[in-house]
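Q: predicted model and sequence follow; I will ask about them next.
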Amino acid sequence: QVQLVESGGGLVQAGGSLSLSCAASGRTFSNYAVGWFRQAPGKEREFVAAIGRGASSTYYADSVKGRFTISRDNAKNTAYLQMYNLKPEDTAVYYCAAQLTISYSNYYTDKSQYGYWGQGTQVTVSS
């Protein structure tokens, strides 16, 4: 199985930027599709962005499209979520998730499709 550890969260003012990392260990990271999700207090965990094994396939939630960028470096066993123009409504715990997949281009947008999760990192955006 693969273990995931997120980092890079913190407190930022509205309009600011943050970059999250998801470091993987245990298995061949390049065999996994990766997703980022977030969960605000009292709300369901929601999809943010996803990337396929080969990094050319990406997908974003409408709420973050044009502001967030998902990427991965398979040589470093790490996925990233770069967040720009942050808004108070982006405040949440951000989780990365991974799922073994045969297809090079597959990505997943439903949390039930992911078998491996990190512990999460808090992102707080002040107004």
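A: That came through fine.

Q: wait, what's in contact with the spatially most central residue of the chain?
A: Here the mean C-alpha position of the chain is nearest to the C-alpha of residue 36 (Cα atoms, centre = their mean), at a distance of 2.3 Å. Going by Cβ atoms under 8 Å, 6 or more residues apart in numbering, residue 36 touches 20, 22, 48-50, 70, 79, 81, 94-97. From N, CA and C alone the C-beta is placed, and that goes for glycine too.

Q: repeat that with 6 Å
A: 48-49, 81, 96 (Cβ atoms under 6 Å, 6 or more residues apart in numbering).

Q: tell me which element it is part of?
A: For residue 36, the host element (DSSP states H and E) is strand 32-39.

Q: who wins on neighbours among the contacts of residue 36?
A: residue 96 (30 neighbours; other Cβ atoms under 10 Å).

Q: name the SS class of that one, please.
A: Going by DSSP: H, G, I helix; E, B strand; the rest coil, the secondary structure assigned to residue 96 is strand.

Q: that one bridge partners, please.
A: Applying DSSP bridges to residue 96 yields these beta-bridge partners: residue 36.

Q: list the contacts for it?
A: 4, 6, 22, 36, 118 are the contacts of residue 96 under Cβ under 6 Å, 6+ apart.

Q: those in helices, which ones?
A: Of the contacts of residue 96, none are assigned to helices by DSSP state H.

Q: what's the most distant pair in the residues you listed?
A: 4 and 36 (10.9 Å; Cβ to Cβ).

Q: show the buried residues in the contacts of residue 96.
A: For the contacts of residue 96, a burial check counting by 16 or more other Cβ atoms under 10 Å picks out 4, 6, 22, 36, 118.

Q: quick one: contacts for the second one?
A: Listed by Cβ under 6 Å, 6+ apart, the contact partners of residue 6 are 22, 96, 118, 121.

Q: with residue 23 as the reference, measure out to residue 46.
A: Look at residue 46 and residue 23: by Cβ to Cβ, to the nearest Å, they are 23 Å apart.

Q: and these two? which has more neighbours close in?
A: residue 23 (16 against 13).

Q: surely that one touches residue 5?
A: Yes: at 4.9 Å, residue 23 counts as touching residue 5 under the criterion of Cβ atoms under 6 Å.
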